[in-house]
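**Student:** A predicted structure for the sequence below; I have some questions about it.
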Amino acid sequence: MDTMRDRFVTLTHAALDRDPKVALVLADISVPAFEPARSRHPDRVINVGIREQLMLGVAGGLAIEGMRPIAHSYAPFLVERAYEQLKVSLGHQGVGAILASVGASYDWSAGGRTHHAPADVALLDALPGWHVQVPGHPDEVPPLFSDALARRESVYLRLSTRQNATPREIVPGRLHVVRRGRRGTVIAVGPMLDPTLAAIEGLDLTVLYATTARPFDAATLREAMPPAPTVLRSFASHDVALVEPTVEGTSSHVVSAALVDRPHRLLALGVPRVELRRYGTPEDHDRAYGLDARGLAERLTRFFR
Amino acid sequence: MRRRIEYRDLHHALTRMTGAEKHAPSATSTLDALYVLYDRVLDVAPERRDDPDRDRFVLSKGHGPMAYYAVLAARGFFPPEVLDGFGGFDSPLGHHPDRSHVPGVEVSSGSLGHGLPIAVGIALALRAKRQHADVARLDVSRPHEATVAPRSPRVVVMLGDAELDEGSNHEAIAFAARAQLDSLTAIVIDNDSASLGWPGGIATRFEGEGWLARTVDGRDHGALERALVAPPGRPLAVIAKVEPKHG
C-alpha cells in the first residue's frame, strides 16, 4: 500500500504538471523519487543540495514572485535547522509556502534524537498564520494537499509512517466527529486516533479526530462536546483529553482558548520533553512515552474516572 | 542614459532622517553604490512596481537603510516628506526595511544572510516563468500568443562584507553559479568590518564557486557602473571597497 510519502510524491508530480506556478525545492531528501518531475520541469524542481537555509530562502523568493513553492525534507531539517528562515524568508515577507516533512516525531526511532522532531508543530505554532496538517492515513493526504495547494498562506504537511487502520471522511480545517459520548471528550490528532480508540474502550466519550491542527476548529469542539456533568452544577466541569503525536501540550493552548468560557479540565498527552537516548522501534518509543494503547488507557481512564 | 537622481539631493534626504547638519559620503557605506544602481543600472520605476519585467533589487544588508530610503525617495517611489518620520511608530520607514510598507522595497530585511538566498529564489522564479513563456511562444497551435521574447530582468542583491560571515550566504554562493543564474548580481560593500576578515579577499570566495567577480572602488561611480555590466552564463559579484569602518 502507498505510504503518505508516496501519495505526496504522486500528488506533487500532478501539481507540477498541471500548474506552472508550482515549484518544488529539495535539499537532497527524496531526490530520486522526484526524478520524473525534474526531467519534465527542470526549472521548477530545484535540488539545492544539503542546504536547508538556502532551500527555505529560495522558497521565499519563489513565493515573492507569485509561485507556490513546496519545500520538502526530513522534519528536523525542514523545521528546526533553519527556523529563522521560516520567520523571515517566508512569514515576514508576507508570503507562504507548503512545507512537507517526512520522519514525523520518531518515525525513525533507531535514528536517534538527531532525526526526531516531535516539536515541529509547536515551533510552527509560535509563528503567525501557519496551517498545520497532520494526516493519519495516506488516503487523507489528497484532500489536505489540495487544500494546501489552493492557499497562499504557509501550510505544514506532516507526513508519517505511522497511520490508522482506516481513513476517515475528513474535511480540511475541521475536526471529524468519530463518535459522540456523554462522559467527556477526547481529541486525537492524526495517527494517534487508533491507539486512542483502543485505549478508551468502555468509556462513554465523544471522540474528535484532528487532521488539521492549525487553525484549530474550536467551533466543532464546542458543538460536539457533551454537556458538563450536572451532579453538582456549580462545580460542573467539562473533561477534555488531547492525544497528540507531537510534544506534550502542543495544542493545549488552543483547546483552552476554545473553552475559555467553559470550566474545564484538560489532560494533554504527547511526546514528553526528554532525551530518551534509546533506539528500537517506534512502538518501543510509544511504550516508553506512555503513548501506546496501554499507556494511554491508564492515564485516560484515571482522568475520566 | 538619462540621469534621474541628483547625488546632492541624497545628502539632503539623509539629513531629513537623522537631523544631522552634514553627511560625508563615508558616513554611509552603501550610498554611492545605491546611487549608481538606481541612477544608471536598474530598470525600475515607481509606475512600474508591478511590471514583471522590472529589475529586482534586494537590500540583504538591511542595517542602516537610510541611504536606501533616500535613493528610493529621490527616484520617486515615495514623497520625501515620508523620510521625516524615520523610525517612528506610524512611519513606514523602520530601521530595517519592510516590503509591505515601503513602495519599491522588494524584500524585507534586517537579520543578516537572508537576502542572497531569497534573491536566488527570485532569479529561479523569473527563469521558470520565462521558460514557461518561451514554451507558450513556441507552441505553434497558439500563434496568436506569439510575442517577442522579453528582456530577462536582473536580480541585484546588496550585502556587507561582515554579513558574509553568515553561512546561509555561502549556501547561496555555491548554488548560484552551479545553477548558472546569470541574471543574479551580488554587490558586496566592503568596509572591512568582518571581525575575522576575509584573507585572500572577498572576490576569491565567489570566483572559487564559479562567479565572475570584480573588485572596484565603491566611491567611484564610473567604475561601479562598468563593473555592474553582467556577463553571460554565470552570476556576477561586485566587491565595492569603501573606507574601513571605525569603531
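**Tutor:** Perfect, I can see it now.
**Student:** Provide the secondary structure category for residue A:139.
**Tutor:** Here residue A:139 is recorded as helix under DSSP: H, G, I helix; E, B strand; the rest coil.
**Student:** That one and residue A:169 touch, don't they?
**Tutor:** No - counting by CB atoms under 8 Å, residue A:139 sits too far from residue A:169 to count as a contact (9.9 Å). For glycine as for every other residue, the C-beta is placed from the backbone atoms N, C-alpha and C.
**Student:** who has more neighbours, these two?
**Tutor:** Between residue A:139 and residue A:169, counting by other CB atoms under 10 Å in any protein chain shown, residue A:139 is the more crowded of the two (18 against 8).
**Student:** Which residues are in contact with the closest residue to that one other than its chain neighbours?
**Tutor:** For residue A:139, ignoring the flanking residues on the chain, the nearest one in space by CB to CB, 6 or more residues apart in numbering or on different chains is residue A:167 at 3.7 Å. By CB atoms under 8 Å, 6 or more residues apart in numbering or on different chains, residue A:167 lies in contact with A:136, A:137, A:138, A:139, A:140.
**Student:** what do you get for residue A:265?
**Tutor:** The contact partners of residue A:265, taken as CB under 8 Å, 6+ apart, are A:237, A:238, A:239, A:240, A:303.
**Student:** again, but for residue A:168
**Tutor:** Contacts of residue A:168 (CB under 8 Å, 6+ apart): A:136, A:137, A:140, A:176, A:178, A:193, A:209, A:211.
**Student:** Neighbour-wise, give me the winner out of the contacts of residue A:167.
**Tutor:** residue A:136 leads those on contacts (other CB under 10 Å) with 28 neighbours.
**Student:** need the contact list for the residue of the stretch 201-305 of chain A found nearest chain B.
**Tutor:** In the stretch 201-305 of chain A, the residue found nearest to chain B is residue A:215; the distance is 21.7 Å by CB to the nearest CB. Neighbour list for residue A:215: A:131, A:173 [criterion: CB under 8 Å, 6+ apart].
**Student:** Next: residue A:40.
**Tutor:** A:16, A:17.
**Student:** how does it look with 10 Å?
**Tutor:** By CB atoms under 10 Å, 6 or more residues apart in numbering or on different chains, the contact set of residue A:40 is A:13, A:16, A:17.
**Student:** helix or strand for the first one, which one?
**Tutor:** Which is residue A:13. Here residue A:13, judged by DSSP states H and E, is contained in helix A:4-18.
**Student:** Can you tell me the strand partners of the following helix or strand past that helix and which way each runs?
**Tutor:** Under the assignment DSSP H and E, the closest C-terminal helix or strand after helix A:4-18 is strand A:22-26. Here strand A:22-26 has these sheet partners by DSSP bridges: strand A:45-47 (parallel), strand A:68-74 (parallel).
**Student:** Got the domain ranges for chain A?
**Tutor:** The record's domain parsing of chain A by automatic domain parsing lists A:4-158, A:175-303.
**Student:** hmm, back to that, how is the residue nearest to residue A:139 classified with respect to secondary structure?
**Tutor:** From three-state DSSP, the assignment for residue A:167 is coil.
**Student:** Not counting sequence-adjacent ones, nearest residue to residue 190?
**Tutor:** Chain wasn't specified; assuming chain A. Using CB to CB, 6+ apart and skipping residues adjacent in sequence, the residue nearest residue A:190 is residue A:134, 3.5 Å away.
**Student:** Hmm, no, I was thinking of chain B.
**Tutor:** Ranked by CB to CB, 6+ apart and with sequence neighbours excluded, the top spatial neighbour of residue B:190 is residue B:161, at 4.2 Å.
**Student:** List the contacts of the one you found.
**Tutor:** B:29, B:61, B:188-194, B:197-198, B:202, B:239-242, B:245.
**Student:** Among these, the buried ones, what's the PyMOL command?
**Tutor:** Selection of buried members from the contacts of residue B:161 for PyMOL, criterion 16 or more other CB atoms under 10 Å in any protein chain shown:
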select buried, chain B and resi 29+61+188+189+190+191+193+194+198+202+239+240+241+242
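**Student:** Check for me that residue A:240 belongs to a helix.
**Tutor:** No - under three-state DSSP, residue A:240 sits outside any helix and is assigned strand.
**Student:** Quick check: it touching residue A:263?
**Tutor:** No - with contact defined as CB atoms under 10 Å, residue A:240 and residue A:263 do not form a contacting pair (11.1 Å).
**Student:** who has more neighbours, the two?
**Tutor:** The neighbour count for residue A:240 versus residue A:263, taken as other CB under 10 Å, is higher for residue A:240 (26 against 11).
**Student:** for chain A, what are the low-confidence residue spans?
**Tutor:** A:230-235 (pLDDT under 70).
**Student:** If I take the helix holding residue A:13 and strand A:22-26, what angle do their directions form?
**Tutor:** Put simply, helix A:4-18 runs at 140 degrees to strand A:22-26, going by axes from the mean of the first three to the mean of the last three CA atoms, to 10 degrees.
**Student:** Which strands or helices does helix A:4-18 pack on?
**Tutor:** Applying 3 or more CB pairs under 10 Å, 6 or more residues apart in numbering or on different chains; DSSP states H and E, we find helix A:4-18 packed against strand A:22-26, helix A:35-40, strand A:45-47, strand A:68-74, strand A:98-102, helix A:141-150, strand A:155-158.
**Student:** so what strands line up beside whichever helix or strand comes after the last one?
**Tutor:** It stands for strand A:155-158. Once strand A:155-158 ends, the next helix or strand along the chain (criterion: DSSP H and E) is strand A:175-179. The strands beside strand A:175-179 in its sheet (DSSP bridges) come out as strand A:205-210 (antiparallel).
**Student:** Show me what counts as buried in the strand or helix carrying residue B:133.
**Tutor:** Using DSSP H and E, residue B:133 falls within helix B:115-138. Residues of helix B:115-138 classed as buried: B:115-130, B:133 (neighbour count, 16+ other CB under 10 Å).
**Student:** gap between the helix holding residue A:13 and the chain center?
**Tutor:** How far helix A:4-18 lies from its chain's middle: 19 Å, per CA atoms, centre = their mean, to the nearest Å.
**Student:** which residues touch residue A:15?
**Tutor:** Counting by CB under 10 Å, 6+ apart, residue A:15 makes contact with A:21, A:22, A:23, A:24, A:37, A:68, A:70, A:98, A:145, A:146, A:148, A:149.
**Student:** Can you tell me how far it is from residue B:163?
**Tutor:** Separation of residue A:15 from residue B:163 (CB to CB, to the nearest Å) stands at 35 Å.
**Student:** Need the three-state assignment for the closest residue to chain B within the stretch 151-300 of chain A.
**Tutor:** Among the residues of the stretch 151-300 of chain A, residue A:152 lies closest to chain B, at 14.1 Å counting by CB to the nearest CB. For residue A:152, the secondary-structure state derived from three-state DSSP is coil.
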